[in-house]
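Engineer: Kindly generate the corresponding structure for this input.
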Amino acid sequence: TANFHAHCAEEEATVTKIFETTDRKGKVTKGARFANIGQTVICMIELARTVPLEPFDDYPFLGRFTLRTEGKTCAIGVIKKLPPKKE
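Structural biologist: Purely as a prediction, here's the structure:
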């Protein structure tokens, strides 16, 4: 688990699935089990509570986030896609 920070929200988060990683040389690994320093990752993050977010392409301010653990930033990123809205 890590702390998810987006704009003024802070929430506990868990990376539930890593879809792919890309290293600095451009090598893509689908279904990776972990990520190393310097890699780009496409993953699914589950939050403990609902947080107002939007995809980066639609609203850049609401589409950026950081993940921190033990007081250190372990990841920064942008939101590419959100799950469907519940009616």
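Engineer: elements contacting the longest strand along the chain?
Structural biologist: Taking DSSP state E as the criterion, the chain has its longest strand at strand 9-22. In terms of contacts (3 or more CB pairs under 8 Å, 6 or more residues apart in numbering; DSSP states H and E), strand 9-22 is packed against strand 2-6, strand 28-30, strand 40-47. Bear in mind the C-beta positions are built from the backbone N, C-alpha and C, glycine included.
Engineer: Compare those and give me the one nearest A13.
Structural biologist: Ranking the helices and strands packed on strand 9-22 by proximity to A13 (CB to CB) places strand 2-6 first, at 3.7 Å.
Engineer: which other residues reach the closest one?
Structural biologist: For strand 2-6, the surrounding residues in contact (CB atoms under 8 Å, 6 or more residues apart in numbering) are 10-15, 45, 47, 51, 53, 62, 64-69, 74-75.
Engineer: Point out where the protein drops to low pLDDT.
Structural biologist: Within the chain, the stretches with pLDDT under 70 are 87.
Engineer: related to what we said a few turns ago, ok, and which of the helices and strands packed on strand 9-22 has the densest surroundings?
Structural biologist: Ranked by mean neighbour count, those are led by strand 2-6 with a mean of 19 (mean count of other CB atoms under 10 Å).
Engineer: tilt between that strand and strand 40-47?
Structural biologist: Strand 2-6 and strand 40-47 meet at an angle of 100 degrees, taking axes from the mean of the first three to the mean of the last three CA atoms, to 10 degrees as the criterion.
Engineer: Okay, now the sheet partners of the longest strand of the chain, with direction.
Structural biologist: Paired neighbours of strand 9-22 in the sheet (DSSP bridges): strand 2-6 (antiparallel), strand 28-30 (antiparallel), strand 40-47 (antiparallel).
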